[in-house]
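A.B. asks: predicted model follows, preceded by the sequence.
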Amino acid sequence: MKGQFGKRSLFVGKWSFFLPLPTMSTRKLYIETYGCQMNVVDSEVVAAILLQHNYQVTEELDEADLVLVNTCSIRDNAEQRVRTRIREFGRLKESSHSFAVGVIGCMAERMKEKLLEEETTVDLVVGPDAYRDLPALLQEVESGQKGINTLLSLEETYGDIRPVRMDSNHVSSFVAIMRGCNNFCAYCVVPGTRGRERSRDPETIVRESTELFEKGYREVTLLGQNVNSYRWKEEGQDLKFEELLERVALIDPQLRVRFATSHPKDMSDELLKVIARHPNLCKAIHLPVQSGSTTVLDRMKRKYSREHYMERIEAIRSYLPDASISTDIIAGYCGESEEEHLQTLSLMEEVGYDFAYMFKYSERPDTFAAEKLEDDVPEDVKSRRLSEIIELQGKLSLQSKKNDLGKTYEVLVEGSSKKSSEHLYGRTSQNKVVVFPKGKLKAGDYTRVSITDCTSATLIGNVVN
Ligand code: SAM
Ligand code: SF4
(Lines give C-alpha, C1' and ligand atoms only; values in the text may rest on other atoms or scores of the structure.)
(Ligands and ions follow the chains in the order given, each with its own letter.)
Protein backbone atom coordinates (compact mmCIF):
# COMPACT_ATOMS: atom_id res chain seq x y z
CA MET A 1 0.00 0.00 0.00
CA LYS A 2 2.08 2.82 -1.32
CA GLY A 3 1.94 6.30 0.28
CA GLN A 4 -0.96 5.29 2.47
CA PHE A 5 -0.84 8.15 4.91
CA GLY A 6 1.14 10.87 3.17
CA LYS A 7 0.21 14.29 1.86
CA ARG A 8 0.25 14.83 -1.88
CA SER A 9 -0.22 18.05 -3.71
CA LEU A 10 -1.57 17.44 -7.16
CA PHE A 11 0.06 19.15 -10.08
CA VAL A 12 -0.47 19.80 -13.72
CA GLY A 13 3.12 19.24 -15.00
CA LYS A 14 3.18 16.80 -17.88
CA TRP A 15 -0.61 16.54 -17.78
CA SER A 16 -1.16 20.00 -19.18
CA PHE A 17 -1.11 18.44 -22.64
CA PHE A 18 -4.37 16.63 -21.93
CA LEU A 19 -6.16 19.55 -20.30
CA PRO A 20 -8.51 22.08 -21.91
CA LEU A 21 -6.73 25.24 -23.09
CA PRO A 22 -6.93 28.04 -20.52
CA THR A 23 -9.41 30.81 -21.32
CA MET A 24 -9.59 34.27 -19.80
CA SER A 25 -11.82 33.00 -17.00
CA THR A 26 -9.90 29.81 -16.22
CA ARG A 27 -9.57 29.32 -12.50
CA LYS A 28 -6.62 27.62 -10.82
CA LEU A 29 -7.22 24.67 -8.50
CA TYR A 30 -4.69 23.51 -5.92
CA ILE A 31 -5.45 20.21 -4.14
CA GLU A 32 -3.78 18.69 -1.11
CA THR A 33 -4.63 15.07 -0.39
CA TYR A 34 -4.37 13.43 3.03
CA GLY A 35 -5.10 9.85 3.99
CA CYS A 36 -5.58 6.65 2.06
CA GLN A 37 -5.20 5.68 -1.58
CA MET A 38 -8.95 6.07 -2.03
CA ASN A 39 -8.50 9.78 -1.33
CA VAL A 40 -5.81 9.97 -4.01
CA VAL A 41 -8.31 8.62 -6.55
CA ASP A 42 -11.04 10.92 -5.21
CA SER A 43 -8.81 13.95 -5.75
CA GLU A 44 -8.27 12.78 -9.32
CA VAL A 45 -12.05 12.50 -9.78
CA VAL A 46 -12.57 15.98 -8.30
CA ALA A 47 -9.94 17.40 -10.64
CA ALA A 48 -11.70 15.72 -13.59
CA ILE A 49 -15.06 17.26 -12.58
CA LEU A 50 -13.61 20.74 -12.16
CA LEU A 51 -11.58 20.58 -15.38
CA GLN A 52 -14.94 20.37 -17.15
CA HIS A 53 -15.88 23.63 -15.44
CA ASN A 54 -13.05 25.89 -16.41
CA TYR A 55 -10.58 24.94 -13.73
CA GLN A 56 -6.96 24.03 -14.30
CA VAL A 57 -4.86 22.21 -11.73
CA THR A 58 -1.81 24.00 -10.39
CA GLU A 59 0.96 23.00 -8.02
CA GLU A 60 1.57 26.65 -7.08
CA LEU A 61 -0.41 27.62 -4.02
CA ASP A 62 0.41 31.29 -4.73
CA GLU A 63 -1.64 31.31 -7.92
CA ALA A 64 -4.61 29.27 -6.67
CA ASP A 65 -8.16 30.61 -6.92
CA LEU A 66 -9.45 27.53 -5.15
CA VAL A 67 -7.65 25.41 -2.54
CA LEU A 68 -9.19 22.03 -1.79
CA VAL A 69 -8.04 19.87 1.10
CA ASN A 70 -9.06 16.24 0.71
CA THR A 71 -9.18 14.97 4.26
CA CYS A 72 -8.91 11.86 6.42
CA SER A 73 -10.70 11.22 9.73
CA ILE A 74 -9.31 7.80 10.53
CA ARG A 75 -7.31 9.02 13.53
CA ASP A 76 -7.47 12.25 15.50
CA ASN A 77 -3.93 13.31 14.52
CA ALA A 78 -4.93 13.16 10.81
CA GLU A 79 -7.68 15.71 11.52
CA GLN A 80 -5.40 17.91 13.63
CA ARG A 81 -2.89 18.13 10.78
CA VAL A 82 -5.63 19.30 8.45
CA ARG A 83 -6.84 21.91 10.92
CA THR A 84 -3.32 23.32 11.26
CA ARG A 85 -3.07 23.47 7.48
CA ILE A 86 -6.47 25.22 7.12
CA ARG A 87 -5.30 27.91 9.54
CA GLU A 88 -2.12 28.36 7.48
CA PHE A 89 -4.35 28.92 4.44
CA GLY A 90 -6.29 31.49 6.49
CA ARG A 91 -3.11 33.44 7.25
CA LEU A 92 -2.03 33.22 3.62
CA LYS A 93 -5.40 34.58 2.49
CA GLU A 94 -4.88 37.63 4.72
CA SER A 95 -1.27 38.27 3.77
CA SER A 96 -1.20 37.35 0.10
CA HIS A 97 -4.11 36.92 -2.30
CA SER A 98 -7.76 35.98 -2.15
CA PHE A 99 -8.81 32.38 -2.78
CA ALA A 100 -11.60 30.05 -1.69
CA VAL A 101 -10.86 27.18 0.70
CA GLY A 102 -12.79 23.94 0.46
CA VAL A 103 -12.63 20.91 2.74
CA ILE A 104 -13.65 17.70 1.02
CA GLY A 105 -13.63 14.01 1.99
CA CYS A 106 -14.07 12.22 5.30
CA MET A 107 -13.55 15.15 7.66
CA ALA A 108 -16.09 17.22 5.71
CA GLU A 109 -18.56 14.36 6.04
CA ARG A 110 -17.91 13.82 9.73
CA MET A 111 -18.01 17.45 10.84
CA LYS A 112 -20.48 18.97 8.35
CA GLU A 113 -21.61 22.54 9.34
CA LYS A 114 -19.44 22.41 12.46
CA LEU A 115 -16.41 22.74 10.22
CA LEU A 116 -17.74 26.03 8.78
CA GLU A 117 -18.46 27.28 12.31
CA GLU A 118 -15.13 26.27 13.82
CA GLU A 119 -12.83 27.09 10.89
CA THR A 120 -13.98 30.43 9.52
CA THR A 121 -11.43 30.31 6.68
CA VAL A 122 -13.41 27.47 5.12
CA ASP A 123 -15.87 28.45 2.36
CA LEU A 124 -16.89 25.04 1.15
CA VAL A 125 -17.56 21.64 2.76
CA VAL A 126 -18.20 18.66 0.47
CA GLY A 127 -18.55 15.00 1.45
CA PRO A 128 -17.18 12.05 -0.59
CA ASP A 129 -20.45 11.36 -2.43
CA ALA A 130 -21.22 14.96 -3.41
CA TYR A 131 -18.32 15.86 -5.71
CA ARG A 132 -20.56 16.23 -8.76
CA ASP A 133 -22.18 19.16 -6.94
CA LEU A 134 -18.87 21.03 -6.63
CA PRO A 135 -19.39 23.35 -9.66
CA ALA A 136 -22.80 24.48 -8.34
CA LEU A 137 -21.46 24.91 -4.80
CA LEU A 138 -18.55 26.97 -6.13
CA GLN A 139 -21.02 29.35 -7.75
CA GLU A 140 -22.60 29.86 -4.34
CA VAL A 141 -19.17 30.59 -2.91
CA GLU A 142 -18.49 33.10 -5.70
CA SER A 143 -21.68 34.92 -4.79
CA GLY A 144 -20.38 35.31 -1.25
CA GLN A 145 -22.15 32.43 0.47
CA LYS A 146 -20.74 29.30 2.06
CA GLY A 147 -21.30 26.03 0.16
CA ILE A 148 -22.05 22.68 1.79
CA ASN A 149 -23.19 19.26 0.60
CA THR A 150 -22.57 16.20 2.73
CA LEU A 151 -25.30 13.92 1.42
CA LEU A 152 -24.23 10.30 1.22
CA SER A 153 -25.45 8.16 -1.66
CA LEU A 154 -26.37 4.50 -2.04
CA GLU A 155 -25.32 4.48 -5.70
CA GLU A 156 -22.57 6.99 -6.47
CA THR A 157 -19.37 5.33 -7.71
CA TYR A 158 -18.12 8.05 -10.15
CA GLY A 159 -17.79 5.07 -12.50
CA ASP A 160 -18.26 7.20 -15.64
CA ILE A 161 -15.61 9.78 -14.70
CA ARG A 162 -12.09 9.40 -16.06
CA PRO A 163 -9.87 10.55 -13.20
CA VAL A 164 -7.15 13.06 -14.11
CA ARG A 165 -4.00 11.14 -13.19
CA MET A 166 -1.76 13.04 -10.80
CA ASP A 167 0.77 10.34 -9.97
CA SER A 168 4.34 11.28 -10.51
CA ASN A 169 5.75 8.07 -12.02
CA HIS A 170 3.30 7.42 -14.88
CA VAL A 171 3.83 3.69 -14.26
CA SER A 172 1.37 2.70 -11.53
CA SER A 173 -2.08 3.99 -10.78
CA PHE A 174 -5.07 3.34 -8.50
CA VAL A 175 -8.47 2.29 -9.80
CA ALA A 176 -11.44 2.45 -7.39
CA ILE A 177 -13.72 -0.57 -7.75
CA MET A 178 -16.13 0.17 -4.93
CA ARG A 179 -16.97 2.78 -2.31
CA GLY A 180 -18.10 2.79 1.31
CA CYS A 181 -18.04 -0.02 3.85
CA ASN A 182 -20.67 -2.19 5.57
CA ASN A 183 -18.42 -3.76 8.17
CA PHE A 184 -18.77 -1.32 11.05
CA CYS A 185 -15.62 -2.33 12.88
CA ALA A 186 -16.19 -0.87 16.34
CA TYR A 187 -13.29 1.63 16.16
CA CYS A 188 -13.70 2.88 12.60
CA VAL A 189 -15.24 6.07 11.15
CA VAL A 190 -15.26 4.86 7.52
CA PRO A 191 -18.84 3.49 7.35
CA GLY A 192 -19.99 6.85 8.82
CA THR A 193 -17.89 9.06 6.55
CA ARG A 194 -18.07 7.08 3.32
CA GLY A 195 -21.48 5.47 3.62
CA ARG A 196 -22.77 2.07 2.57
CA GLU A 197 -20.78 -0.25 0.37
CA ARG A 198 -21.47 -0.17 -3.37
CA SER A 199 -19.61 -1.72 -6.30
CA ARG A 200 -18.67 -0.07 -9.55
CA ASP A 201 -19.73 -1.35 -12.99
CA PRO A 202 -17.00 -3.84 -14.07
CA GLU A 203 -17.10 -2.56 -17.64
CA THR A 204 -15.91 0.88 -16.50
CA ILE A 205 -13.19 -0.70 -14.33
CA VAL A 206 -11.84 -2.79 -17.22
CA ARG A 207 -12.09 0.18 -19.58
CA GLU A 208 -10.22 2.50 -17.21
CA SER A 209 -7.50 -0.11 -16.62
CA THR A 210 -7.17 -0.77 -20.37
CA GLU A 211 -6.85 2.94 -21.09
CA LEU A 212 -4.15 3.24 -18.44
CA PHE A 213 -2.25 0.36 -20.04
CA GLU A 214 -2.58 1.95 -23.48
CA LYS A 215 -1.15 5.20 -22.07
CA GLY A 216 1.94 3.32 -20.87
CA TYR A 217 0.98 2.41 -17.30
CA ARG A 218 2.18 -1.02 -16.25
CA GLU A 219 0.52 -1.46 -12.87
CA VAL A 220 -2.98 -0.85 -11.48
CA THR A 221 -4.10 -1.28 -7.88
CA LEU A 222 -7.81 -2.04 -7.52
CA LEU A 223 -9.15 -0.25 -4.44
CA GLY A 224 -11.97 -0.86 -1.98
CA GLN A 225 -12.33 -1.04 1.83
CA ASN A 226 -13.14 -4.74 1.54
CA VAL A 227 -12.53 -5.84 -2.05
CA ASN A 228 -13.65 -9.39 -1.24
CA SER A 229 -17.23 -8.24 -0.98
CA TYR A 230 -17.23 -6.71 -4.49
CA ARG A 231 -20.46 -7.84 -6.24
CA TRP A 232 -22.06 -6.88 -9.55
CA LYS A 233 -25.23 -8.34 -11.02
CA GLU A 234 -24.60 -9.37 -14.61
CA GLU A 235 -27.18 -11.26 -16.64
CA GLY A 236 -28.86 -12.39 -13.43
CA GLN A 237 -25.57 -13.71 -11.98
CA ASP A 238 -23.33 -12.29 -9.27
CA LEU A 239 -19.91 -11.22 -10.55
CA LYS A 240 -17.48 -11.68 -7.67
CA PHE A 241 -14.15 -10.00 -6.95
CA GLU A 242 -12.02 -12.91 -8.18
CA GLU A 243 -13.83 -12.81 -11.53
CA LEU A 244 -13.34 -9.07 -11.84
CA LEU A 245 -9.66 -9.49 -10.94
CA GLU A 246 -9.25 -12.11 -13.64
CA ARG A 247 -10.84 -9.81 -16.24
CA VAL A 248 -8.36 -7.06 -15.36
CA ALA A 249 -5.48 -9.56 -15.40
CA LEU A 250 -6.45 -10.59 -18.93
CA ILE A 251 -6.12 -7.04 -20.31
CA ASP A 252 -2.44 -7.75 -20.96
CA PRO A 253 0.22 -9.95 -19.33
CA GLN A 254 2.43 -6.84 -19.15
CA LEU A 255 -0.05 -5.09 -16.84
CA ARG A 256 0.60 -5.92 -13.21
CA VAL A 257 -2.47 -5.95 -11.00
CA ARG A 258 -2.60 -5.40 -7.24
CA PHE A 259 -5.53 -4.87 -4.90
CA ALA A 260 -6.28 -3.52 -1.43
CA THR A 261 -7.77 -4.22 1.02
CA SER A 262 -8.80 -7.79 1.77
CA HIS A 263 -10.85 -8.53 4.86
CA PRO A 264 -9.79 -11.75 6.64
CA LYS A 265 -13.39 -12.82 7.19
CA ASP A 266 -14.15 -12.80 3.45
CA MET A 267 -10.92 -13.87 1.78
CA SER A 268 -11.68 -16.98 -0.26
CA ASP A 269 -9.61 -19.86 -1.66
CA GLU A 270 -11.13 -19.04 -5.08
CA LEU A 271 -9.42 -15.65 -4.98
CA LEU A 272 -6.07 -17.23 -4.07
CA LYS A 273 -6.43 -19.76 -6.91
CA VAL A 274 -7.03 -16.95 -9.43
CA ILE A 275 -3.94 -15.09 -8.19
CA ALA A 276 -1.89 -18.28 -8.50
CA ARG A 277 -3.07 -18.78 -12.12
CA HIS A 278 -1.96 -15.38 -13.48
CA PRO A 279 1.69 -14.33 -13.24
CA ASN A 280 0.68 -10.65 -13.61
CA LEU A 281 -1.55 -10.81 -10.51
CA CYS A 282 0.94 -9.64 -7.91
CA LYS A 283 1.99 -12.04 -5.21
CA ALA A 284 1.46 -9.59 -2.37
CA ILE A 285 -1.45 -9.95 0.04
CA HIS A 286 -2.38 -7.17 2.43
CA LEU A 287 -4.48 -8.78 5.16
CA PRO A 288 -5.06 -6.41 8.10
CA VAL A 289 -5.20 -8.36 11.35
CA GLN A 290 -5.57 -5.39 13.79
CA SER A 291 -4.88 -7.64 16.83
CA GLY A 292 -3.58 -11.13 17.55
CA SER A 293 -6.08 -11.67 20.36
CA THR A 294 -9.49 -13.18 19.69
CA THR A 295 -11.02 -11.33 22.62
CA VAL A 296 -9.76 -7.98 21.29
CA LEU A 297 -10.97 -8.91 17.78
CA ASP A 298 -14.39 -9.55 19.34
CA ARG A 299 -14.42 -6.12 20.96
CA MET A 300 -13.31 -4.66 17.62
CA LYS A 301 -16.27 -6.43 15.91
CA ARG A 302 -13.89 -7.78 13.27
CA LYS A 303 -15.97 -10.97 12.87
CA TYR A 304 -13.03 -13.42 12.84
CA SER A 305 -10.83 -15.09 15.45
CA ARG A 306 -7.05 -15.47 15.64
CA GLU A 307 -7.52 -19.11 14.55
CA HIS A 308 -9.54 -18.14 11.48
CA TYR A 309 -6.93 -15.52 10.56
CA MET A 310 -4.09 -18.04 10.88
CA GLU A 311 -6.04 -20.52 8.78
CA ARG A 312 -6.27 -17.86 6.03
CA ILE A 313 -2.51 -17.25 6.32
CA GLU A 314 -1.92 -20.97 5.82
CA ALA A 315 -4.19 -20.91 2.76
CA ILE A 316 -2.13 -18.02 1.31
CA ARG A 317 1.10 -19.90 1.99
CA SER A 318 -0.20 -23.06 0.35
CA TYR A 319 -1.69 -21.47 -2.82
CA LEU A 320 0.92 -18.70 -3.13
CA PRO A 321 4.15 -19.94 -1.56
CA ASP A 322 6.18 -16.95 -2.80
CA ALA A 323 3.67 -14.26 -1.76
CA SER A 324 4.55 -11.50 0.67
CA ILE A 325 2.05 -10.81 3.45
CA SER A 326 1.49 -7.41 5.03
CA THR A 327 -0.95 -6.15 7.63
CA ASP A 328 -2.39 -3.30 9.73
CA ILE A 329 -2.13 -3.40 13.53
CA ILE A 330 -3.75 -1.24 16.21
CA ALA A 331 -1.98 -0.94 19.59
CA GLY A 332 -3.79 -0.20 22.85
CA TYR A 333 -7.40 -0.76 21.84
CA CYS A 334 -10.14 -0.45 24.50
CA GLY A 335 -9.53 -2.84 27.39
CA GLU A 336 -6.40 -4.36 25.83
CA SER A 337 -4.53 -6.27 28.56
CA GLU A 338 -0.81 -6.98 28.58
CA GLU A 339 -1.58 -10.61 27.73
CA GLU A 340 -3.71 -9.56 24.73
CA HIS A 341 -0.90 -7.28 23.54
CA LEU A 342 1.59 -10.18 23.82
CA GLN A 343 -0.73 -12.23 21.62
CA THR A 344 -0.38 -9.58 18.90
CA LEU A 345 3.42 -9.86 19.15
CA SER A 346 3.26 -13.66 19.01
CA LEU A 347 0.94 -13.60 15.98
CA MET A 348 3.32 -11.22 14.19
CA GLU A 349 6.17 -13.68 14.74
CA GLU A 350 4.05 -16.65 13.73
CA VAL A 351 3.07 -14.99 10.43
CA GLY A 352 6.45 -13.32 9.85
CA TYR A 353 4.97 -10.28 8.15
CA ASP A 354 6.97 -8.73 5.33
CA PHE A 355 5.57 -5.30 6.09
CA ALA A 356 3.05 -3.63 8.43
CA TYR A 357 1.22 -0.35 9.04
CA MET A 358 1.08 0.13 12.80
CA PHE A 359 -1.09 2.58 14.73
CA LYS A 360 -1.97 3.65 18.24
CA TYR A 361 -5.70 3.35 18.88
CA SER A 362 -7.40 6.70 18.46
CA GLU A 363 -10.97 7.03 19.69
CA ARG A 364 -13.25 8.39 16.98
CA PRO A 365 -16.54 10.14 17.69
CA ASP A 366 -19.80 8.32 16.85
CA THR A 367 -18.19 4.88 16.55
CA PHE A 368 -19.39 1.89 18.58
CA ALA A 369 -16.15 1.91 20.57
CA ALA A 370 -16.50 5.61 21.44
CA GLU A 371 -20.08 5.14 22.59
CA LYS A 372 -19.93 1.77 24.35
CA LEU A 373 -16.32 1.00 25.31
CA GLU A 374 -13.80 2.78 27.46
CA ASP A 375 -10.59 4.10 25.89
CA ASP A 376 -8.82 2.93 29.05
CA VAL A 377 -5.26 2.01 28.00
CA PRO A 378 -3.10 4.87 29.34
CA GLU A 379 -1.28 6.92 26.69
CA ASP A 380 2.19 5.85 27.87
CA VAL A 381 1.19 2.17 27.74
CA LYS A 382 -0.24 2.60 24.23
CA SER A 383 3.03 4.25 23.14
CA ARG A 384 5.16 1.52 24.70
CA ARG A 385 3.10 -1.24 23.08
CA LEU A 386 3.24 0.48 19.71
CA SER A 387 7.05 0.80 20.04
CA GLU A 388 7.30 -2.93 20.80
CA ILE A 389 5.19 -3.73 17.73
CA ILE A 390 7.27 -1.40 15.52
CA GLU A 391 10.53 -2.84 16.86
CA LEU A 392 9.42 -6.41 16.20
CA GLN A 393 8.21 -5.52 12.70
CA GLY A 394 11.61 -3.90 12.01
CA LYS A 395 13.24 -7.27 12.69
CA LEU A 396 10.65 -9.19 10.63
CA SER A 397 11.00 -6.76 7.71
CA LEU A 398 14.79 -7.16 7.76
CA GLN A 399 14.45 -10.95 7.88
CA SER A 400 11.98 -10.84 4.98
CA LYS A 401 14.53 -8.89 2.89
CA LYS A 402 17.42 -11.16 3.95
CA ASN A 403 15.41 -14.16 2.72
CA ASP A 404 15.61 -12.62 -0.76
CA LEU A 405 19.43 -12.43 -0.89
CA GLY A 406 20.77 -14.45 -3.80
CA LYS A 407 17.35 -14.65 -5.50
CA THR A 408 16.42 -13.06 -8.83
CA TYR A 409 13.16 -11.12 -9.27
CA GLU A 410 11.31 -9.50 -12.11
CA VAL A 411 11.16 -5.80 -11.27
CA LEU A 412 8.93 -3.10 -12.74
CA VAL A 413 11.00 0.08 -12.95
CA GLU A 414 9.27 3.08 -11.34
CA GLY A 415 11.89 5.84 -11.49
CA SER A 416 15.20 7.26 -10.30
CA SER A 417 16.46 6.33 -6.88
CA LYS A 418 16.17 9.28 -4.47
CA LYS A 419 19.71 8.72 -3.20
CA SER A 420 21.60 8.31 -6.47
CA SER A 421 20.97 9.49 -10.03
CA GLU A 422 22.97 6.48 -11.23
CA HIS A 423 20.40 4.09 -9.77
CA LEU A 424 16.77 3.28 -10.47
CA TYR A 425 14.16 1.81 -8.17
CA GLY A 426 11.30 -0.52 -8.90
CA ARG A 427 9.15 -3.17 -7.23
CA THR A 428 8.95 -6.92 -7.23
CA SER A 429 5.61 -8.65 -7.59
CA GLN A 430 5.83 -9.01 -3.78
CA ASN A 431 5.76 -5.19 -3.52
CA LYS A 432 9.32 -4.93 -2.25
CA VAL A 433 11.32 -1.91 -3.38
CA VAL A 434 14.56 -2.76 -5.23
CA VAL A 435 17.39 -0.35 -6.07
CA PHE A 436 19.80 -1.21 -8.90
CA PRO A 437 22.19 0.45 -11.41
CA LYS A 438 20.43 2.39 -14.14
CA GLY A 439 22.04 1.05 -17.32
CA LYS A 440 19.74 1.83 -20.25
CA LEU A 441 16.54 1.14 -18.35
CA LYS A 442 13.72 3.61 -17.81
CA ALA A 443 10.46 3.88 -15.86
CA GLY A 444 7.88 1.38 -17.12
CA ASP A 445 10.43 -1.25 -18.21
CA TYR A 446 10.54 -4.73 -16.75
CA THR A 447 13.93 -6.15 -15.83
CA ARG A 448 15.36 -9.05 -13.85
CA VAL A 449 17.40 -8.13 -10.80
CA SER A 450 19.52 -10.43 -8.69
CA ILE A 451 19.47 -9.40 -5.03
CA THR A 452 22.89 -8.85 -3.45
CA ASP A 453 22.20 -6.74 -0.35
CA CYS A 454 19.38 -5.21 1.69
CA THR A 455 18.19 -2.95 4.47
CA SER A 456 14.94 -3.51 6.38
CA ALA A 457 13.15 -1.31 3.83
CA THR A 458 14.92 -1.92 0.51
CA LEU A 459 16.48 -4.65 -1.59
CA ILE A 460 19.67 -3.83 -3.50
CA GLY A 461 20.74 -5.73 -6.59
CA ASN A 462 22.18 -5.97 -10.09
CA VAL A 463 20.42 -6.33 -13.40
CA VAL A 464 20.69 -9.81 -14.85
CA ASN A 465 21.09 -9.92 -18.61
N1 SAM B 1 -10.76 -1.41 5.23
C2 SAM B 1 -9.47 -1.75 5.61
C3 SAM B 1 -9.51 -2.92 6.60
O4 SAM B 1 -10.47 -3.13 7.27
O5 SAM B 1 -8.52 -3.57 6.71
C6 SAM B 1 -8.67 -0.63 6.24
C7 SAM B 1 -9.19 0.73 6.24
S8 SAM B 1 -8.54 1.92 7.36
C9 SAM B 1 -8.56 3.28 6.26
C10 SAM B 1 -6.81 1.60 7.49
C11 SAM B 1 -6.37 1.18 8.85
O12 SAM B 1 -6.49 2.24 9.78
C13 SAM B 1 -7.15 0.05 9.50
O14 SAM B 1 -6.82 -1.20 8.99
C15 SAM B 1 -6.77 0.19 10.95
O16 SAM B 1 -5.58 -0.50 11.25
C17 SAM B 1 -6.49 1.69 11.09
N18 SAM B 1 -7.53 2.36 11.89
C19 SAM B 1 -8.83 2.49 11.61
N20 SAM B 1 -9.47 3.13 12.61
C21 SAM B 1 -8.54 3.39 13.56
C22 SAM B 1 -8.59 4.01 14.83
N23 SAM B 1 -9.71 4.50 15.35
N24 SAM B 1 -7.43 4.13 15.54
C25 SAM B 1 -6.27 3.65 15.04
N26 SAM B 1 -6.17 3.05 13.84
C27 SAM B 1 -7.29 2.92 13.10
FE1 SF4 C 1 -13.12 0.46 8.72
FE2 SF4 C 1 -13.54 -2.11 9.23
FE3 SF4 C 1 -14.60 -0.99 7.04
FE4 SF4 C 1 -11.95 -1.39 7.20
S5 SF4 C 1 -13.53 -2.96 7.18
S6 SF4 C 1 -12.99 0.47 6.52
S7 SF4 C 1 -11.53 -1.02 9.35
S8 SF4 C 1 -15.11 -0.50 9.15
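C.D. replies: Received, thanks. Ligands and ions are numbered 1, 2, ... in the order given.
A.B. asks: contacts only, for residue 110.
C.D. replies: Listed by CB atoms under 8 Å, 6 or more residues apart in numbering, the contact set of residue 110 reads 73, 189, 192-193, 365-366. Just so you know, the C-beta spots here come from the backbone N, C-alpha and C atoms, and that holds for glycine as well.
A.B. asks: secondary structure element for it?
C.D. replies: helix 106-111 (DSSP states H and E).
A.B. asks: who touches the next helix or strand after that helix?
C.D. replies: On the C-terminal side of helix 106-111, the nearest following helix or strand under DSSP H and E is helix 113-118. Helix 113-118 is contacted from outside by 103, 107-108, 111, 122, 125, 146, 148, using CB under 8 Å, 6+ apart.
A.B. asks: coming back round to it: among the contacts of residue 110, name the ones in helices.
C.D. replies: 192-193 (DSSP state H).
A.B. asks: buried among the contacts of residue 110? Make that a PyMOL selection.
C.D. replies: Restricted to buried positions by 16 or more other CB atoms under 10 Å, the PyMOL selection for the contacts of residue 110 reads:
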select buried, resi 73+189+192+193
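A.B. asks: nearest to residue 205, of the contacts of residue 110?
C.D. replies: residue 193 (23.2 Å; CB to CB).
A.B. asks: relative to ligand 2, how far out is that closest one?
C.D. replies: Between residue 193 and ligand 2 the computed distance is 10 Å (CB to the nearest ligand atom, to the nearest Å).
A.B. asks: run a quick neighbour tally on the residue nearest to that residue when sequence neighbours are not counted.
C.D. replies: The shortest distance from residue 193 to any non-neighbouring residue, by CB to CB, 6 or more residues apart in numbering, is to residue 106 (3.9 Å). Burial of residue 106 is recorded as 29 neighbouring residues (other CB atoms under 10 Å).
A.B. asks: right, and residue 106 touches residue 74 too?
C.D. replies: Yes. With contact defined as CB atoms under 8 Å, residue 106 counts as touching residue 74 (7.4 Å).
A.B. asks: mutual contacts of those two, please.
C.D. replies: With CB under 8 Å, 6+ apart, residue 106 and residue 74 have common neighbours 35, 189-190.
A.B. asks: give me the spatial nearest neighbour of residue 455, chain neighbours excluded.
C.D. replies: residue 401 (7.0 Å).
A.B. asks: quick check, the regular element (helix or strand) spanning the one you found touching ligand 1?
C.D. replies: Assigned by DSSP H and E, residue 401 belongs to helix 379-402. No. Helix 379-402 lies apart from ligand 1 when judged by CB under 6 Å from any ligand atom; the minimum separation is 10.0 Å.
A.B. asks: give the next helix or strand downstream of that helix.
C.D. replies: strand 408-416.
A.B. asks: now residue 244. Nearest residue, chain neighbours left out?
C.D. replies: Residue 244's closest residue in space is residue 202 (CB to CB, 6+ apart), at 5.3 Å.
A.B. asks: so what's the backbone phi/psi at that neighbour?
C.D. replies: phi -60, psi -30 (degrees, to the nearest 10).
A.B. asks: what about it, how many residues close to it?
C.D. replies: 18.
A.B. asks: quick one: it from residue 362, how far?
C.D. replies: To residue 362, residue 202 is 35 Å away according to CB to CB, to the nearest Å.
A.B. asks: next: residue 31.
C.D. replies: Distance from residue 31 to residue 362, by CB to CB: 25 Å.
A.B. asks: ok, residue 33 next?
C.D. replies: 20 Å.
A.B. asks: please apply the same query to residue 141.
C.D. replies: From residue 141 to residue 362 the distance is 32 Å (CB to CB).
A.B. asks: and for residue 114?
C.D. replies: In terms of CB to CB, residue 114 sits 19 Å off from residue 362.
A.B. asks: those two: which is more packed in?
C.D. replies: Comparing residue 114 with residue 362 by other CB under 10 Å, the one with more neighbours is residue 362, at 18 against 10.
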